[in-house]
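**Student:** what follows is a predicted protein model with its sequence.
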Amino acid sequence: MEELDADDAPLYSKLMRKYAARDIVQFVPFRDVKNDPYRLAKEVLAEVPRQLVSYFASVGIKPNPPRRDVGNEINNLMQQKMMGMMMKKPENFFCSRKMMMVNHLAQQGLDPGQVLQFLDAVGTADENP
């Protein structure tokens, strides 16, 4: 497995007679992370952003320009979600804490809709993002 994880040198294919363009394997010894699922996820996914950017650059895909209406979109989404929660009458404390977390993560650059979807579907053990 460590041989396939081309962190030190790119893989070479004798059949194709060329080097691999990117390292697409991330080997993480399970015995090192078996008791820490967060570390396992972090280690396994560590190379994904770099690989994605590398691929996009290699095929000439450029990022879209930043959107100017993101702040309004976040506020509208939060207001809609709060209204929906208030109609269901859950405890206001937890609703407000959840929306504070969504707002904080949105300010960090995450999509507020995806954050809400994750929190609704999976939840979190800690309110500290």
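**Tutor:** Yep, it's here.
**Student:** now do the strands in the chain.
**Tutor:** 12-13, 18-19 (DSSP state E).
**Student:** could you tell me the least trusted of those?
**Tutor:** Per-stretch mean pLDDT for the strands of the chain is lowest at strand 12-13 (a mean of 82).
**Student:** check the offset of that strand from the chain's centre.
**Tutor:** Chain-centre distance of strand 12-13: 31 Å, with Cα atoms, centre = their mean, to the nearest Å.
**Student:** before we move on, back to that, tabulate the strands of the chain (TSV), appending distance to Pro65 and mean neighbour count.
**Tutor:** Placement of C-beta: from N, CA and C, glycine included. Putting those into TSV (distance: least, Cβ to Cβ, whole Å; neighbours: other Cβ atoms under 10 Å) gives the following:
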stretch	distance to Pro65	mean neighbour count
strand 12-13	38	10
strand 18-19	34	11
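**Student:** turn those strands into a markdown table, columns for distance to Tyr38.
**Tutor:** Shown next, in a markdown table, are the strands of the chain (distance: least, Cβ to Cβ, whole Å):
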| stretch | distance to Tyr38 |
| --- | --- |
| strand 12-13 | 35 |
| strand 18-19 | 34 |
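**Student:** end to end, how far does stretch 8-18 reach?
**Tutor:** This stretch, stretch 8-18, spans 17 Å end to end (Cα to Cα, to the nearest Å).
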